[in-house]
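# attaching a predicted model along with its sequence, questions to come.
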Amino acid sequence: SPGSIEAYRSEIRRLEGEREALRVRRREEEAAFDARHAIRDQFPHDGGLPPAEVERRLANLRRVREERLKAQEEACERKIRALERELEERFG
């Protein structure tokens, strides 16, 4: 039944998996941005955007993406804690 102990545990495991996937995505994003900086630094400036502006835009994009993933991860964590509390209240 949907209110069974196993249903709660199953949902908690699912959320823990989702949280871990978000952590992995965040690490991948960090690595991707680090690689972009390394690649960009290997080429001379071509007169388009000044290097400082490119750096600012990359840093801003990185911050936005990391904040979004962190917020999703924190939401998973809150759901897990709520389910664990509910499980304890219902089934001791």
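Nice, I can see it. Predicted model, so just to flag it, every value in this text is computed and none were measured.

# and the longest helix for this protein?
With DSSP state H applied, the helix covering the greatest number of residues in the chain is identified as helix 51-91.

# show me what that helix is packed up against.
helix 5-41 (3 or more C-beta pairs under 8 Å, 6 or more residues apart in numbering; DSSP states H and E). C-beta here means a position set from N, CA and C on the backbone, and glycine is covered the same way.

# buried sites along the helix it packs on?
Applying a neighbour-count criterion of 16 or more other C-beta atoms under 10 Å, one finds Tyr8, Ile12, Leu15, Glu18, Arg19, Leu22, Arg26, Glu29, Phe33 buried in helix 5-41.

# relative to helix 51-91, how tilted is that helix?
An angle of 170 degrees separates the directions of helix 5-41 and helix 51-91 when computed by axes from the mean of the first three to the mean of the last three C-alpha atoms, to 10 degrees.

# center of the chain - which residue?
Leu69 (2.8 Å; C-alpha atoms, centre = their mean).

# now do the contacts for the residue lying closest to that one once chain neighbours are set aside.
Computed as C-beta to C-beta, 6 or more residues apart in numbering, the closest residue to Leu69 that is not its neighbour in sequence is Arg26, at 4.5 Å. Contact partners of Arg26, counting by C-beta atoms under 8 Å, 6 or more residues apart in numbering, are Glu66, Leu69, Lys70, Glu73.

# tell me the pLDDT of Phe43.
The pLDDT attached to Phe43 in the predicted structure is 66.

# okay, now the unreliable bits of this structure?
Scanning the chain for pLDDT under 70 picks out 1-2, 42-47.

# repeat the analysis, applying 80 as the threshold.
Of all residues in the chain, those with pLDDT under 80 make up the ranges 1-3, 37-51, 54.

# fine by me, thanks again.
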